[in-house]
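1. starting from these lines, generate the structure:
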Amino acid sequence: MQTGMITTTAPVTTTTSTSTAKNALDKDGFLKLLVAQLRNQDPTGAGQDPNQMVQQLTSFSSLEQAQQTNSLLTGLQTQTAGLFQAQTAGLVGKTVKVDGSGFNLKAGAASMNLELSTPANVTLTVKDANGKVVATLPQGHLNRGLSALSWDGKDASGNALPDGPYKVEVTATGDDGKPALFRTSLSMKVDAVTFNSGGIYLASGGNVFSLSDVLEITA
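-> Prediction:
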């Protein structure tokens, strides 16, 4: 019978001190180096090039101006962001049209906008949050342009469905039998404006949209 021996070796911990050389010269280091050089050279002395000192002084002045410009731009950016946020807060209470599709059912009523590039026969397929089809809504033949589509919140059997968001799939077939191009949008009243992670968002009835999705603003 063979036996095996397991030898346990205690781990050896080695501490290594690593120092990283600073190869890059930052602006503070550059200023210190330039000031020291200017203090310790005589432009009128033998072997000195007056043009070189003029170039150094020009570099010092250019760097100082660049720092002041950066500080000024940072301040302007902060002020501009504050003003923009204040203006955006004025959207509360206004009606906006945002890019998107779906029915936000409330008290047995919901609506969305459909803009067709050409006359077409349109059918809406309504799905709940789980992706289950709850209603199929033939809209008939719609003209080119913007149409407001509504839903009474009832399923295929005529039962009233609970309030909340529902997904909508649009099928649009042109008179030539080919799919027609369309764009969907939602009209909503802004309840609140939020600022998060550098973005601006509009809230309405539990739905949140990015400001970049806004297509139109009305009183």
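2. going by C-alpha atoms from here, please, whenever you check contacts or count neighbours.
-> Noted.
3. and the helices in this protein?
-> If you assign secondary structure with DSSP state H, the helices in the chain sit at 27-39, 50-88.
4. which stretches of the protein form strands?
-> With DSSP state E, the ranges of strands along the chain come out as 95-99, 103-105, 110-116, 120-127, 133-142, 145-151, 164-174, 182-189, 192-196, 199-204, 207-210, 214-218.
5. could I get the ones you listed as CSV with mean pLDDT, mean neighbour count and distance to Ser71?
-> As requested, the strands of the chain are exported to CSV (pLDDT from 0 to 100; neighbours: other Cα atoms under 10 Å; distance: least, Cα to Cα, whole Å):
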stretch, mean pLDDT, mean neighbour count, distance to Ser71
strand 95-99, 88, 19, 37
strand 103-105, 90, 21, 47
strand 110-116, 95, 20, 47
strand 120-127, 97, 20, 53
strand 133-142, 96, 16, 57
strand 145-151, 95, 15, 49
strand 164-174, 95, 19, 47
strand 182-189, 90, 19, 40
strand 192-196, 81, 14, 25
strand 199-204, 82, 17, 24
strand 207-210, 82, 15, 30
strand 214-218, 84, 13, 33
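6. ok, Ser185 - contacts?
-> For Ser185, the set of contacting residues under the criterion of Cα atoms under 8 Å, 6 or more residues apart in numbering consists of 97-101, 112-114.
7. can you rerun that using 6 Å?
-> Applying Cα atoms under 6 Å, 6 or more residues apart in numbering, we find Ser185 in contact with 98-101, 113.
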